[in-house]
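K.L.:
sequence and predicted model, in that order:
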Amino acid sequence: MNKLKEVLYSKIEAHRPRTRRLAKEYGDVVVDQVHARQIVGGMRGIKCLISDISYLDPYEGIRYRGYTLPEVFEKLPKPDGAEMPYVEGLYYLLLTGDIPTREQVEDLIIDMNNRRIIPKYVWDVIDSFPSESHPMAILSAAVMSLERESLFNIKYRQGMKKTDYWDPTYEDATNLLAKIPLIGAYIYRKLYHPEGAHRYPDPTLDLGANFAYMMGKDKPYDDVSRMYFIIHADHEAGNVSAHTGHLIASSLSDVYYAVSGMINGLAGPLHGLANQEVLRWLHGLMEKFGDKVPGEEELRAYVWDTLNSGQVIPGYGHAVLRRTDPRYMVQREFCLKHLPDDPLFKYVDALYKVVPDVLKEHGKAKNPWPNVDAQSGVVQWHYGVREYDFYTVLFAIGRSIGVLSNIIWDRALGYPIERPKSITTDMLEEMVGIKK
Ligand code: CMX
């Protein structure tokens, strides 16, 4: 057993009695009520899932294992000379709840580097897609194709105790996490830079630096990748991508099925695809005004035009958050430090001063503040990743860290197959007292 797995196992053993006790002794305690509006409104806010990996407070934003994002960036070990921490360190934190030492992270990096080999059929799957395909569709299919490598399935067929499910799930999850950045980078090169030779991973590099290397990007893109994957890693369990991954895995489908499903959910414009939509929307604005950022009145008019045509303002609003997303702030601070004069950043910053007031006036969005997606494309654009269809792939690589950590713990704690109850419209009308 490697060192992370040993620590994880001791945490699992310590945690199991808590879950058993909740189910056995407190099973009848009422923790939430369900209102009709939640049933017809996307189950918003119903407390019915457990995740110890992260928690999202509407005003404070995300905490990973109790740590805010600034704390995560400050406490996790960093490569020499780097501004951003090792992504592998975040995986360690999400799995165990402990901030790892540099030595523990280096041990994990070696372990993950040994898992990077990708079977040729995965490259063939990617190569077989037409070049007009969306990179999220290709990513989903490439991850799906790896399914035949699942150790969980082999062990399950051999007959495995339920308490052991977490072990091959950990192996599958760590294998996939080691491979998915390589798959993402290969998709990027194939779709947008087919002229250049494919770069094989460099075994001396950590996940962030290796991703930059495979993308063909120089420093500080390694730090950009680390920052990007860390801020997108998890957002508690109820969002579409995290919940989809958990739901699929609850039937004991392996992590390849689950993460492929997670990717499909993330590919919608109301969720992860919003980062691509933001760039498309910003370019519409820049085509009108060029590099000189227009005044507030012109910006307000552009925002109103979008709203009046029945579209949402991409990158603004959130189902849970009720203030500016701290993931937006992390990136904003990065931009202020590294690219304050970038024309696109100037637009984004000018819109930050205008959009919330317009959305308040519009009176629909419960949260008029920007989310992570309003800012993330700007950083990518600045460092030369200008093919904005690709941005959600980056989100997916990051999100897989949290989703895979959650699935390992779901298996460790023996959560059952998920099965909420549906009712008919007739039934709901009757329940609320509508007479026919
Ligand atoms: N622009 C215009 N209208 C918006 C809006 C926005 N940015 N955000 C919410 N609204 C509207 C909703 O469409 C809804 O309108 P209807 O009553 O006509 O259906 C109304 O305001 C109420 O919505 P809400 O309760 O505030 O928001 P939801 O929880 O239903 O949806 C979200 C949340 C993120 C889908 C929504 O705010 C949105 O569409 N934002 C733009 C897309 C976006 O940035 N998505 C990325 C979110 C982060 C991520 O997952 O990556």
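P.N.:
Looks like it came in fine. Numbers count the residues shown, from 1 in each chain.

K.L.:
OK, contacts around the residue in the stretch 1-150 of the chain that the ligand sits nearest to?
P.N.:
Distances from the stretch 1-150 of the chain to the ligand, computed as C-beta to the nearest ligand atom, single out residue 44 as the nearest residue at 6.1 Å. All C-beta atoms are positioned from the backbone trio N, CA, C, and that covers glycine. Residues in contact with residue 44, defined by C-beta atoms under 8 Å, 6 or more residues apart in numbering, are 38, 319.

K.L.:
how much space between it and residue 31?
P.N.:
For residue 44, the distance to residue 31 (C-beta to C-beta, to the nearest Å) stands at 16 Å.

K.L.:
quick one: name the residues of the stretch 251-400 of the chain near the ligand.
P.N.:
Residues of the stretch 251-400 of the chain lying close to the ligand (C-beta under 6 Å from any ligand atom) are 270-272, 274, 307, 312-319, 364-367, 371-373.

K.L.:
buried subset of the residues you listed as a ChimeraX selection?
P.N.:
Selecting only the buried entries of these in ChimeraX, with 16 or more other C-beta atoms under 10 Å as the criterion:
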select :271,272,274,307,312,313,314,315,316,317,318,319,365,367,371,372,373
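
K.L.:
so which of the residues of the stretch 251-400 of the chain next to the ligand are in helices?
P.N.:
With helices taken from DSSP state H, the overlap with those comprises 274, 307, 373.

K.L.:
ok, back up a step: for the residue of the stretch 1-150 of the chain closest to the ligand, grab phi and psi.
P.N.:
The phi/psi pair for residue 44 (degrees, to the nearest 10) reads phi -50, psi 120.

K.L.:
one more: the one 10 residues further on?
P.N.:
In terms of degrees, to the nearest 10, the main-chain angles of residue 54 are phi -150, psi 160.

K.L.:
taking the protein, what residue is nearest to the ligand?
P.N.:
Of all residues in the chain, residue 317 sits closest to the ligand, with a separation of 2.2 Å (C-beta to the nearest ligand atom).

K.L.:
so what's that residue up against?
P.N.:
Residue 317 makes contact with 359, 365-369, 371 under the criterion C-beta under 8 Å, 6+ apart.

K.L.:
now do the helices in the stretch 1-150 of the chain.
P.N.:
Under the criterion DSSP state H, counting those that start in this stretch, the stretch 1-150 of the chain carries helices at the ranges 3-25, 36-39, 69-75, 87-96, 102-113, 120-127, 135-145.

K.L.:
select, out of those helices, the one closest to residue 161.
P.N.:
Within these, the stretch nearest residue 161 is helix 3-25; the backing value is 13.1 Å (C-beta to C-beta).

K.L.:
list the buried residues for that closest one?
P.N.:
Applying a neighbour-count criterion of 16+ other C-beta under 10 Å, the buried positions in helix 3-25 are 4-5, 7-8, 11-12.

K.L.:
so which elements touch the helix or strand containing residue 349?
P.N.:
Mapping residue 349 onto the secondary structure by DSSP states H and E places it in helix 343-352. Contacting helix 343-352 under the criterion 3 or more C-beta pairs under 8 Å, 6 or more residues apart in numbering; DSSP states H and E are the following elements: helix 274-289, helix 296-308, helix 326-338, helix 373-382.

K.L.:
residues in contact with residue 217?
P.N.:
383-385.

K.L.:
closest to the centroid, which residue in this structure?
P.N.:
Closest residue to the average C-alpha location of the chain: residue 399 at 2.4 Å, with C-alpha atoms, centre = their mean.

K.L.:
name the SS class of it, please.
P.N.:
When the structure is reduced to helix, strand and coil (DSSP: H, G, I helix; E, B strand; the rest coil), residue 399 reads as helix.

K.L.:
quick check, it in contact with residue 243.
P.N.:
No - with contacts counted by C-beta atoms under 8 Å, residue 399 stays clear of residue 243, the gap being 11.6 Å.
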